[in-house]
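# my questions concern the predicted model and sequence given below.
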Amino acid sequence: MLDIKLLQNNFEEISTKLRKKRVDETLLEELKEISIELKERKKILEELQAEQNKKSKMFGVYAKEGKDINELKAELSKNKEEIAKANEIVKELEDKLTKIASTIPNIPDESVPDGEDEEDNIELEKILTPPSFDFTPKEHWDLAESNGWLDFKRGVKLSKSRFTVIRHDGAKLARALINYMIKFNEDRGFKEVMVPYIANRETLVGTGQLPKFEDDLFKIEDEDLFLIPTAEVPLTNLFNDEILSQDELPIKLTSYTECFRKEAGSAGRDTRGMIRQHQFSKVELVAISEPKDSEKVFNEMVDCASDLLKSLGLAHRKVLLCGGDLGFSAAKTIDLEVWLPGQGKYREISSISNTFDFQARRAKIRYKDGKKNRLVHTLNGSSLAVGRCMIAIMENYQQRDGSIKIPKVLEPYM
RNA sequence: CGGGAGAUGGCAGAGCGGUUGAAUGCACUGGUCUUGAAAACCAGCGAGGGUCACACCUCCGGGAGUUCGAAUCUCCCUCUCCCGGCCA
């Protein structure tokens, strides 16, 4: 959630920054006006309430002294009606305010470059050189089928398109990757957690998926529950409405979950193979930190994911997302894109974001700073998406005969 | 899914419809005492909004209602616990 006070006081600055995210400026203008009116109306209401409270207390005194209370009663009846009226106005304004405010994305950090879409993202660094082949490398769907690792047809039969069955050594590799990643993350101070895959509305609002992006989520029929689109949702909301003590920060967590996304709006993209699925495995990193440390923790997370790829021998690059490509909750995001020889392209395999206090404000996650309660910063990032990592291994470790070598570090986990 | 009990501050646990945002205990923080610690004693100690700071407003699971006044009364919802059914 946007800091409304910040918007009131620094309107020009905030709206300029939000232009990077293509936020309708009239909406911001409206938000500001509502918030100012709300403040005034609230003051009126509170004054009426104060009077009501004060005079109501007199009843006890009057009763003791045996005084007549009828006049007082009539006065308060009237006041009560005014309170009801004032209250209605305030509630209406509050509703409007939260409705608008909850759909406004986070403000991009200063370091975020201007830009429309992924074309304008900035490559920060290349790690490892892509392997060369003395034959034409295949795409992962060919390799997966010839090795019997993936069964696309039967996945569709069981559910629908964008669902896949993973088999044999493919399934083993997936499990190995999960265990390897978690171990890797634990060695860097991230504690493992297992969480529910189904979350309620409040939880999804806390991290920003709701109310705006309900169409992207699988909803449980007749329940106000949703399948999680990422472990970020339950992990961050572990601390929903909590006040953490300073010395337990930063909290660093890692978790393997399945993720579920409707992929509404991506019709026709990556329909072949396993790049874009409705269900996929992912090992996630989440951190809760003091504001002053979040940049440092952010870099740790980027390094953690990048070093993990490096340890698997996978060439990749770090990309700083431009304003137009930033997600709703993110103030700053670095993507890791892995080299896929079959496609001859770098493709996203990890995305690490710092949301600053945006999610913390929504989810009411605070910490005690001396006597004051302050909002924490929340960060999240894929350790790696398991499916895409498998694709990368298939394509990068393919042999002339179509077989696939397993990276050395994974052998103990197979 | 059926039957019963309950939901109050970090925890435990009081609370007659009237100056109760809430007794008490524990925990915690500061102080006195002590060589130091413990004990004892004194003081402070929920959250959100508001204010330069006060004042003031809201919050006793959530929502609606009765009342001049609700933690206390009524209705609905949610959750928790116990018993039974089902089950990894």
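Sure, I can see it.

# near A:Arg201, how many other residues are there?
When neighbours are counted by other Cβ atoms under 10 Å, A:Arg201 registers 16. Using the backbone N, CA and C atoms, a C-beta is placed for each residue, glycine as well.

# repeat that for A:Phe135.
Using other Cβ under 10 Å, A:Phe135 is surrounded by 10 other residues.

# and the gap between it and A:Leu150?
22 Å (Cβ to Cβ, to the nearest Å).

# now A:Glu214
Using Cβ to Cβ, A:Glu214 is found at 31 Å from A:Leu150.

# those two: which has the busier surroundings?
The residue with more neighbours, out of A:Glu214 and A:Leu150, is A:Leu150; 26 against 14, by other Cβ under 10 Å.

# surely A:Asn373 and A:Ala360 touch.
No. The pair A:Asn373 / A:Ala360 is not scored as a contact, 11.1 Å apart, by Cβ atoms under 8 Å.

# and these two? which has more neighbours close in?
A:Ala360 (24 against 12).

# could you list the domains of chain A?
A:4-101, A:118-413 (automatic domain parsing).

# most tightly surrounded among those?
By mean neighbour count, with neighbours taken as mean count of other Cβ atoms under 10 Å, domain A:118-413 ranks first of the domains of chain A at a mean of 19.

# from the chain's centroid, how far away is that one?
11 Å (Cα atoms, centre = their mean, to the nearest Å).

# with RNA strand B in mind, check whether that domain reaches it.
Yes. Part of domain A:118-413 sits near RNA strand B under the criterion Cβ under 7 Å from any atom of the strand, namely A:Ile243, A:Arg366, A:Asn373.

# for the second one, which residues make a bridge with it?
What it means is A:Arg366. With DSSP bridges as the criterion, A:Arg366 is bridged to A:Ile243, A:Leu375.

# for it, give me its contacts.
Going by Cβ atoms under 8 Å, 6 or more residues apart in numbering, A:Arg366 touches A:Glu242, A:Ile243, A:Leu244, A:Ala360, A:Asn373, A:Arg374, A:Leu375, A:Val376.

# which of these lies closest to A:Asp68?
Comparing the contacts of A:Arg366 against A:Asp68 with Cβ to Cβ places A:Asn373 closest, at 47.1 Å.

# separation between the closest one and A:Ile365?
10 Å.

# likewise for A:Glu290?
Separation of A:Glu290 from A:Ile365 (Cβ to Cβ): 12 Å.

# what helix or strand does the closest residue to A:Phe135 other than its chain neighbours sit in?
Excluding the flanking residues, the one nearest A:Phe135 by Cβ to Cβ, 6 or more residues apart in numbering is A:Arg400, at 5.1 Å. When elements are assigned from DSSP states H and E, A:Arg400 belongs to no helix and no strand.

# got phi/psi on A:Arg400?
For A:Arg400, the backbone dihedrals are phi -50, psi -40 (criterion: degrees, to the nearest 10).

# that one against A:Asp134, yeah?
Yes. Between A:Arg400 and A:Asp134 a contact is recorded at 7.4 Å, counting by Cβ under 8 Å.

# how about the helices in chain A?
A:4-9, A:11-19, A:25-65, A:70-101, A:140-146, A:152-158, A:168-187, A:201-207, A:232-237, A:294-311, A:358-363, A:386-396 (DSSP state H).

# make JSON lines out of those and add mean pLDDT.
Formatted as JSON lines, the helices of chain A follow (pLDDT from 0 to 100):
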{"stretch": "helix A:4-9", "mean pLDDT": "86"}
{"stretch": "helix A:11-19", "mean pLDDT": "89"}
{"stretch": "helix A:25-65", "mean pLDDT": "88"}
{"stretch": "helix A:70-101", "mean pLDDT": "88"}
{"stretch": "helix A:140-146", "mean pLDDT": "94"}
{"stretch": "helix A:152-158", "mean pLDDT": "94"}
{"stretch": "helix A:168-187", "mean pLDDT": "97"}
{"stretch": "helix A:201-207", "mean pLDDT": "93"}
{"stretch": "helix A:232-237", "mean pLDDT": "96"}
{"stretch": "helix A:294-311", "mean pLDDT": "97"}
{"stretch": "helix A:358-363", "mean pLDDT": "94"}
{"stretch": "helix A:386-396", "mean pLDDT": "96"}
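
# distance to A:Glu119 for those - can I get that in TSV?
Shown next, in TSV, are the helices of chain A (distance: least, Cβ to Cβ, whole Å):
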stretch	distance to A:Glu119
helix A:4-9	30
helix A:11-19	18
helix A:25-65	24
helix A:70-101	30
helix A:140-146	25
helix A:152-158	30
helix A:168-187	30
helix A:201-207	28
helix A:232-237	26
helix A:294-311	22
helix A:358-363	26
helix A:386-396	21
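
# so for A:Asp224, which of those helices sits nearest?
Nearest of those (Cβ to Cβ): helix A:201-207, 5.1 Å.

# mind giving me the packing neighbours of the closest one?
strand A:225-227, helix A:232-237, helix A:358-363 (3 or more Cβ pairs under 8 Å, 6 or more residues apart in numbering; DSSP states H and E).
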